[in-house]
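# Here is a sequence together with a model predicted from it:
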Amino acid sequence: MNAVPTPAKFDWRLIGTVDDIPIQGARCVEAGDTRIAVFRTATDEIFALEDRCPHKKGPLSQGIVHDGCVTCPLHNWVISLSSGTAQGADEGRTATFPVRVTGRDVYLNLTPGA
Amino acid sequence: MSSRQPDPQKLVIIGNGMAPGRLLEHLFEARGAYDVTIFNAEPRVNYDRIMLSPVLSGEKSFDEIVIHDDAWYADRGITLHRGEKVVAIDRVARTVTSENGLTAAYDKLVIATGSTPFIIPVPGHDLPGVLAYRDLDDVTAMQAAATRGGRAVVIGGGLLGLEAAAGLKAQGMEVTVLHLMPSLLERQLDPAAGYLLQKELERRGIEIRCGADTREILGGDRVEGIALKDGTVIEASLVVMAVGIRPNIRLARAAGLDLGRGIVTDAQMRTSDPDILSVGECAEVDGRVYGLVAPLYQMARVAAATLTGAEAAFCHAETPTKLKVTGINLYSVGDFGDGPGREDVVLRDAARGSYRRVILRDNRVIGAVLYGEVADGAWYSELLTSGEDVSAMRDTLIFGQAHQGGGAADPLSAVANLPDAAEICGCNGICKGAIVDAIRDKGLTSLGEVRARTKASASCGSCSGPVESLLALTLGDGFRKTTEGMCGCTPLGHGEVRRLIVANRLKSIPAVMQELEWSTANGCAKCRPALNYYLLAEWPGDYVDDQQSRFINERVHANIQKDGTYSVVPRMWGGMTSAAELRAIADVVDKFQIPDVKVTGGQRIDLLGVRKEDLPAVWSDLNDAGLVSGHAYAKGLRTVKTCVGSTWCRFGTQDSTGLGIRLEKFLWGSWTPAKVKLAVTGCPRNCAEATCKDIGVICVESGYQIVYGGAAGLHIQGTTELGTVATEDEVIEIAAALTQMYREQGHYLERIYRWAERVGHDTIRAAILDDAVSRRAYHDRFVFSQKFSQTDPWSERVSGVDKHEFNPLAVFGRQEMEPAE
């Protein structure tokens, strides 16, 4: 929902529907060696982050989703779903991936966003 | 002279720091009839200098630390000259003159020129980019330097230096601290605590070099680096000197006043000229100069009294030290050097990085150093001040106040036990009696009001907890705690939320958040799991467990490990297993190439390093051999540990293994506020270690002794005896009733021992042991809720529940990743 497809990129992939992802939960997409966590918020917004906490590489897809953020299950870092940056006193950033929702279909761009 | 009233006397104050600011407050409270003029070299109003560190780190803004704004001066008719530095005092003409030629006459003069930072006169000390850490201008300059990035070198590992280092780190700079002495904060901490502090700062990415002696600051137009005497060169774009302060006595010297290290005053804060007083870091009383705020505020109070003709005298007191770096807790007070006739009591916990040391002489506390868990600091400080003989509590002294006199860890009772003269707010020197009187007499009902009226907790804020406890004690049920809710989403505490869930029949997380006015849309990772538990415990069979509000371990029924794999622990009832089970486990280990197999402290086997996607298949194979989830991840019943009891042991008095298995089969699956571990031991030799469990059973010839409320993790705590019963059936009923009472009353993540300390052992004994009707009711409610919880989560998932948890949504191979054209 946070990017418009660029014609030059062929990386948009249909990964499933909004309903495949639990509300306030996440599912993973394997993209070669990279694991991408695709989150669905309470208000049905979809975000994608690399499934790797900037702190100790914890799997963010396993965390609790709340108010636009996910709390890493390993050490409770709170990561913004939209920007990938750590909240509060912690510093670090996880790569984000553009997501587009058409109807209920979710498309993921496998090139990390800016 | 005017007709009726004499003109008010003229009071001139040089300096507008915290001490003169406080002096003025006292003066106007006492209705001192003065016409006041202040000269402030800084171009601003009075602010809380000790809060500069949070401003540097970005946690607070300048506006938040202003003590007196312009209106405050205007309301009191005070003339404030900002940015006017006084350059001369004429004691004969009784005038002061500023740099810009402004002259003011005085009847009484207060010199509060404070101190100047000591700058080591090494080559390069005057280069641009070399700063002190003293006032808002320094903070602004540091923040500006931080935006350019690079490395900051802080010279001096004292309180100020470390706060500067942490603040600069928070601003995004690389930071190195150079400290001449072998350990940090050597005046406030002993080496052991200094070590913990150094480790923590290093963990935060701050480089610490102790024993580092600066030779030269390098640079052309501005600072570029620093050279040490050992030849090391460190690149730096900013150098902050925080090696100490010197009383600023230049004006006083020129005026011919008596000087020592500071401006010498008597106990009434009068200098050698009785019309001139001095307060703050520039004043020297009884041979001592001070740098911490508490004694400076005491000077202000005494000086105000002197100015209004009241009696008061300054007296030296040990001031506790704290470091204002978020997340680092240290506390020290008194004398903690080594010396003859001194006795140390030390408590360390390496895993938690906590350390505590109390120094005694002649059975009296003369000093204390605390790192990590510092809540008892005030209590030791109180013991130090009172000079009380502590021999009676010598054995438990180190564990803190909660462990004295029957063990009440409740902060309320800790505060209730303090005498009226006990100092609660160290910064402002406010004692318990003054706070209680203000609450009672002025009808105060909140922390904010107490702050406004008494100043207690208004400076560094670290005594907010005890102040709230005093509100609660004084007002009883009339006090609703406004801070420290269960998380940032609500001001309500756990107990209140539980009560309201029942009272308002709230049956879902959104209902709770709506009705109780959560400040966030969907809560946070702290409150959601708690609410999920409360609802589950309150409405068994009715409330639908919200998986997304559970921590991952409880969602996938395994324990997440540091690399994102999981560990799997099958249940072994009472710690018993069989060849068939062991064979099945071995087969699973081989089949899924599980890297590690370990025996746990709770008599189970832990399979470590299982990939998440393999979990359902692992469970399926284990299920086939009759093994079910051991709930090793649960806030629920974990294990019942047993010894072999009368079946094998020559000392065993009862069938402890059999009872353990019965208990485990009865209690498993129930969710509780925090984990619950049991043990049944066959005789008082206690091989199953029942006396440090949440619930323990010690078999004796005549029956079963039931104990509870033990812990052997972060906190070590022996159990409390509940009672002795004759039959296994009674043990089962009591264990279930006790668990249910805890389930209904415990705060989320509160272990049984904490809950028991909070509600009181007598209450529990009365409800569970003495009152058979109450016990039965708790037991029956437990049995009812178990109807909905005793389903093996593994077999559920093997048969397809939550399948999405374990499979990726989509997989793209490396080849597919190549752009199409």
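Alright, I've got the coordinates.
# Who are the contact partners of the closest residue to A:His75 other than its chain neighbours?
Closest residue to A:His75 apart from its sequence neighbours, by C-beta to C-beta, 6 or more residues apart in numbering or on different chains: A:His55 at 5.9 Å. Backbone N, C-alpha and C define where each C-beta goes, glycine included. By C-beta atoms under 8 Å, 6 or more residues apart in numbering or on different chains, A:His55 lies in contact with A:Cys72, A:Leu74, A:His75, A:Trp77, A:Ala86, A:Asp90, A:Gly92.
# The residue most central in space within chain A sits in which helix or strand?
Closest to where the C-alpha atoms of chain A average out (C-alpha atoms, centre = their mean) is A:Ala48, at 1.9 Å. In this structure, A:Ala48 sits in strand A:46-50 according to DSSP states H and E.
# Low-confidence ranges, chain A, go.
A:1-10, A:114 (pLDDT under 70).
# for the contacts of A:His55, which one is nearest B:Asp75?
Of all the contacts of A:His55, B:Asp75 sits closest to A:Asp90, with 43.2 Å by C-beta to C-beta.
# Nearest residue to the closest one in space, please, no chain neighbours.
A:Trp77 (5.1 Å).
# Hmm, the one you found is touching A:Glu91, no?
No. With contacts defined as C-beta atoms under 8 Å, A:Trp77 does not count as touching A:Glu91, sitting 9.8 Å away.
# So the two - more neighbours on which side?
A:Trp77 (25 against 14; other C-beta atoms under 10 Å in any protein chain shown).
# That one: what's it in contact with?
Applying C-beta under 8 Å, 6+ apart, we find A:Trp77 in contact with A:Cys53, A:Pro54, A:His55, A:Gly58, A:Thr71, A:Ala86, A:Gln87, A:Asp90, A:Gly92.
# Quick one: residues contacting the last one.
Contact criterion C-beta under 8 Å, 6+ apart gives A:Cys53, A:Pro54, A:His55, A:Trp77, A:Thr85, A:Ala86 as the residues in contact with A:Gly92.
# which among the contacts of A:Trp77 end up buried?
A:Cys53, A:Pro54, A:His55, A:Gly58, A:Thr71, A:Ala86, A:Asp90 (16 or more other C-beta atoms under 10 Å in any protein chain shown).
# Please report phi then psi for the third one.
Listed backbone geometry of A:His55 is phi -80, psi -70, with angles given as degrees, to the nearest 10.
# Assign the residue in the stretch 451-600 of chain B that chain A sits nearest to to helix, strand or coil.
Per C-beta to the nearest C-beta, the residue of the stretch 451-600 of chain B with the smallest distance to chain A is B:Ala525, at 3.6 Å. Following DSSP: H, G, I helix; E, B strand; the rest coil, B:Ala525 is assigned to coil.
# Tell me the one of the contacts of A:Gly92 nearest B:Met513?
Nearest member of these to B:Met513, counting by C-beta to C-beta, is A:Trp77, at 23.5 Å.
# Now stretch B:181-194: buried residues?
So for stretch B:181-194, counting by 16+ other C-beta under 10 Å, buried means B:Met181, B:Ser183, B:Leu184, B:Leu185, B:Glu186, B:Gln188, B:Leu189, B:Asp190, B:Ala192, B:Ala193, B:Gly194.
# for the first one, helix, strand, or coil?
Assigned by three-state DSSP, the conformation of B:Met181 is coil.
# ok, back up a step: how many neighbours does the residue of the stretch 451-600 of chain B closest to chain A have?
20.
# what does chain B put close to chain A?
B:170, B:172, B:326-327, B:520-525, B:528-529, B:547-553, B:555-556, B:560, B:562-564, B:804, B:808-814, B:817, B:819-821 (C-beta under 8 Å from any C-beta of the partner chain).
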